[in-house]
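**Q** Kindly return the folded structure for what I paste below:
(one chain, ligands or ions: 1)
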Amino acid sequence: MFDSLSAKLDAVFKKLSRHGILRPEDVKTGLREIRIALLEADVHYKVVKEFIQNVESRAVGEAVLKSLTPAQQIVKIVRDEMLAVLGKPAPVDTSASPAIIMLVGLQGSGKTTAAAKIAKKFKKEGLKPFLIAADLQRPAAIDQLEHLAHEIGVGIYADKESKDVGKVARQGVEAGKRSFAKVIILDTAGRLQIDGALMDELDILQKSIRPQETLLVVDAMAGQDAVNVASGFQEKIGIDGVIFTKVDSDARGGALLSLRMVTGKPVKFIGVGEKSDDLETFQPERMVSRILGMGDVLTLIEKAEEQWTEDEARDMEAKFLKAQFTLEDFMKQIKMIKKMGSLSTLLKMIPGMPRDLDVDEKQLVRVESIIQSMTPRERQYPGIIKASRKKRIARGSGRSVAEVNQLLRQYEMSKKMMKKLGKGGQNAGIPGLFQ
Ligand code: GDP
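**A** Next up is the predicted model:
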């Protein structure tokens, strides 16, 4: 998402930076191009209008900071104004015991998936979650939530026979309290469109269980419609925040930039994939950095930390430095990269990486399959892999002997480099660094 907007904004900024001094007409042209880029990314026209007005008045009125070039100054103003549009981070209120979160939204927006993702997130944070399946419209939704609850190891209340949604919700809350849950998450029914019956049902639910937060789940793929849906829900039942799903898709994403201004409510989470781990707390600063192509090192570091414990990292570093790095370790790393998401997504978060980077994801899979076809001894001592072993490994992995050779060469090269790095450190005598 936002790839095309990022590329366009980047082009505008590059063009501006070619001028040492910015004349008013350069700024005007730049702003016109930014306006078009935002509209093309599906940002709501009212939001675009106000945004451009704010940037323009600041660009004209503000004293130029000495440390910045005029073009950088514009980037800074655009960044500040984008942050203003998105508002401050708004964490979910979990102060009540238990805190009840009710998820609402249209069918297919990702409600049931989001319920499980949120439960998993709170579980990781040590706040005991509990799920209630209150989507009685779609029997499959109950099964889906039960399956997910089981998978992530979280308690759930469901009653497939009942038609009384208020009663199901109340009994669910009681069951959650009995199991000492700290956060209770309720999945509700959706429809293809907003209709009176759905709103009545949600109203009953809100009155029956008085949730601390009613969160609306909207789908990035809905484009501009996501904003209309959000205003509809806000008007009819009142919401406390939004969960914006399918950010990993190639949707244009402008709705994300419009929701707060149009509904007055913050985006609290974003869904970035189909798995139960694919949920991020929405961080406006990070999103803006991503859009403006400054990279997102923070998210990258956080992801790595989540997947790889500090001990494992230290262990791997020691191996690097002593050049004891085996093919087994190589494979561990590949697995970790795969867990963290796609390689191209990770690389794009690094500042300075080209946005249109083309990474051959399949290469990872190929390398992994070759290593998997080796015996543990071969992975530990790759030196023993001679012609006949190479042939066997190639056959086992469905790759060619040339590819096996290439992998072994790459491995040897990285080992040599690590050895050099380790020695260099010791020779340089940097205290405490390479002990
Ligand atoms: P519900 O009808 O609102 O409960 O929607 P579901 O939770 O059943 O989700 C509908 C579809 O969207 C499913 O196929 C999900 O796997 C998918 N989905 C949900 N969230 C995301 C997301 O963040 N990214 C992607 N790519 N797919 C998602």
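**Q** Can you tell me the centre-most residue of the chain?
**A** Val272 (4.3 Å; C-alpha atoms, centre = their mean).
**Q** what is the mean pLDDT for stretch 291-301?
**A** For stretch 291-301, the mean per-residue pLDDT is 56.
**Q** To what extent is Ser276 buried, counted in neighbours?
**A** 20 (other C-beta atoms under 10 Å). Where C-beta positions appear, they are placed from N, C-alpha and C, glycine not excepted.
**Q** Spell out which parts of the stretch 1-150 of the chain neighbour the ligand.
**A** Residues of the stretch 1-150 of the chain found near the ligand (C-beta under 6 Å from any ligand atom) are 105, 107-113, 141.
**Q** residue contacts, Asp240?
**A** Under the criterion of C-beta atoms under 8 Å, 6 or more residues apart in numbering, the neighbours of Asp240 are 93, 212-215, 265.
**Q** and these, which are buried?
**A** 212-215, 265 (16 or more other C-beta atoms under 10 Å).
**Q** And the protein, what are its domain boundaries?
**A** Taking automatic domain parsing as the criterion, the chain consists of the domains 3-86, 99-292, 300-422.
**Q** Just give me the closest of the contacts of Asp240 to Arg377.
**A** When the contacts of Asp240 are compared for distance to Arg377 (C-beta to C-beta), Leu215 wins out at 52.9 Å.
**Q** ok, now which ones touch the closest one?
**A** Residues near Leu215 by C-beta under 8 Å, 6+ apart: 92, 101-104, 239-243, 268-269.
**Q** can you pull out the strands in the stretch 101-250 of the chain?
**A** 129-134, 155-157, 183-188, 213-219, 241-245 (DSSP state E, counting those that start in this stretch).
**Q** Dump the ones you listed to TSV, plus mean pLDDT.
**A** Converted to TSV, the strands of the stretch 101-250 of the chain look like this (pLDDT from 0 to 100):
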stretch	mean pLDDT
strand 129-134	94
strand 155-157	95
strand 183-188	95
strand 213-219	95
strand 241-245	95
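**Q** In a markdown table, list the ones you listed along with distance to His44.
**A** A markdown table is the format used below for these (distance: least, C-beta to C-beta, whole Å):
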| stretch | distance to His44 |
| --- | --- |
| strand 129-134 | 31 |
| strand 155-157 | 37 |
| strand 183-188 | 26 |
| strand 213-219 | 13 |
| strand 241-245 | 14 |
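**Q** related to what we said a few turns ago, which of the contacts of Leu215 has the most neighbours?
**A** Val242 (30 neighbours).
**Q** Give me the contacts around stretch 189-207.
**A** Under C-beta under 8 Å, 6+ apart, the answer for stretch 189-207 is 102, 104-109, 111, 134-138, 141, 165-166, 169, 186, 188, 214, 229, 232-233, 236-238.
**Q** Going through these, which ones are buried?
**A** For these, buried by 16+ other C-beta under 10 Å: 102, 104-106, 109, 111, 134-137, 141, 165-166, 169, 186, 188, 214, 229, 232-233, 237.
**Q** Filter those down to just the ones in helices.
**A** 111, 141, 165-166, 169, 229, 232-233 (DSSP state H).
**Q** for this structure, where's the lowest mean pLDDT among helices and strands?
**A** helix 297-307 (a mean of 53; mean pLDDT, DSSP states H and E).
**Q** quick revisit: would you mind finding the most buried of the domains of the chain?
**A** Ranked by mean neighbour count, the domains of the chain are led by domain 99-292 with a mean of 20 (mean count of other C-beta atoms under 10 Å).
**Q** that older thread, taking the contacts of Asp240 together, which two end up most distant?
**A** Farthest apart among these - using C-beta to C-beta - are Gln212 and Lys265, which lie 14.4 Å from each other.
**Q** For stretch 129-138, output the C-alpha coordinates as PDB.
**A** What follows is stretch 129-138 as a C-alpha-only set of coordinates in PDB (Å, rounded to 0.1, in the frame of the first residue of the first chain):
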ATOM      1  CA  PRO A 129      -8.000 -12.300  26.700                       C
ATOM      2  CA  PHE A 130     -11.400 -14.000  26.100                       C
ATOM      3  CA  LEU A 131     -13.400 -14.100  22.900                       C
ATOM      4  CA  ILE A 132     -17.100 -14.100  22.400                       C
ATOM      5  CA  ALA A 133     -18.600 -15.300  19.100                       C
ATOM      6  CA  ALA A 134     -21.600 -13.000  18.700                       C
ATOM      7  CA  ASP A 135     -21.900 -13.200  14.900                       C
ATOM      8  CA  LEU A 136     -25.100 -15.300  14.800                       C
ATOM      9  CA  GLN A 137     -25.800 -14.500  11.100                       C
ATOM     10  CA  ARG A 138     -23.000 -16.600   9.700                       C
END
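**Q** Look at whatever residue of the stretch 251-400 of the chain ends up closest to the ligand and report its pLDDT.
**A** Here the stretch 251-400 of the chain gets closest to the ligand at one residue, Gly271, 2.7 Å apart by C-beta to the nearest ligand atom. pLDDT recorded at Gly271 is 93.
**Q** do you know how far it is from Thr281?
**A** Remark: distance between Gly271 and Thr281 (C-beta to C-beta, to the nearest Å) = 12 Å.
**Q** do the same with Gly398
**A** For Gly398 relative to Thr281 (C-beta to C-beta), the value is 41 Å.
**Q** Arg79 now?
**A** Taking C-beta to C-beta, one finds Arg79 at 20 Å from Thr281.
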